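Participant: Quick one, structure for this:
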Amino acid sequence: MFNLKALQRNKTVKYGVPMLLLVVGGSFGLREFTQIRYDAQRIRKKLDPSLEAKVNVQKQSVILEEEYEKIKEVNLDEWKNIRGPRPWEDSKEYQEQQRTRETKKD
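Facilitator: This next block holds a predicted model:
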């Protein structure tokens with residue numbers, strides 16, 4: 001009896017043990033909730049099997065050397081950098097202005 005009353009008055013047992021249980025138990029609880037989140041995302045991102053097969057084939061067929069050869073064939077000397085329109089500018093009108101400027105310079 002005396003030991004039980006002494007334990008109830010002890011601040012470590014009264015405040016520390018529940019806090020420790022809350023922290024440790026909370027980490028396990030959060031792990032379960034986050035696992036539910038990731039499982040739901042995995043289910044939502046499932047692709048149609050035929051589409052998934054096409055995507056996997058395309059990923060495997062890209063070879064770095066082939067892509068390098070394609071880029072070597074592009075003529076970068078004639079390339080012009082044209083700025084895109086600002087949010088307040090009309091995009092079609094601005095693009096027409098840029099194209100006409102390019103033809104006037106040539």
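Participant: Which pLDDT value belongs to the nearest residue to Ile82 once chain neighbours are set aside?
Facilitator: Of all residues beyond its chain neighbours, the one nearest Ile82 is Gln98 (4.8 Å), with distances taken as Cβ to Cβ, 6 or more residues apart in numbering. C-beta coordinates here come from the backbone N, C-alpha and C atoms, glycine included. Note on Gln98: pLDDT of 76.
Participant: Next, count neighbours for Gln98.
Facilitator: Per other Cβ atoms under 10 Å, the neighbour tally for Gln98 reads 14.
Participant: Which helix or which strand is home to it?
Facilitator: helix 91-105 (DSSP states H and E).
Participant: Check which helices and strands that helix sits against.
Facilitator: Here helix 91-105 touches no other helix or strand, going by 3 or more Cβ pairs under 8 Å, 6 or more residues apart in numbering; DSSP states H and E.
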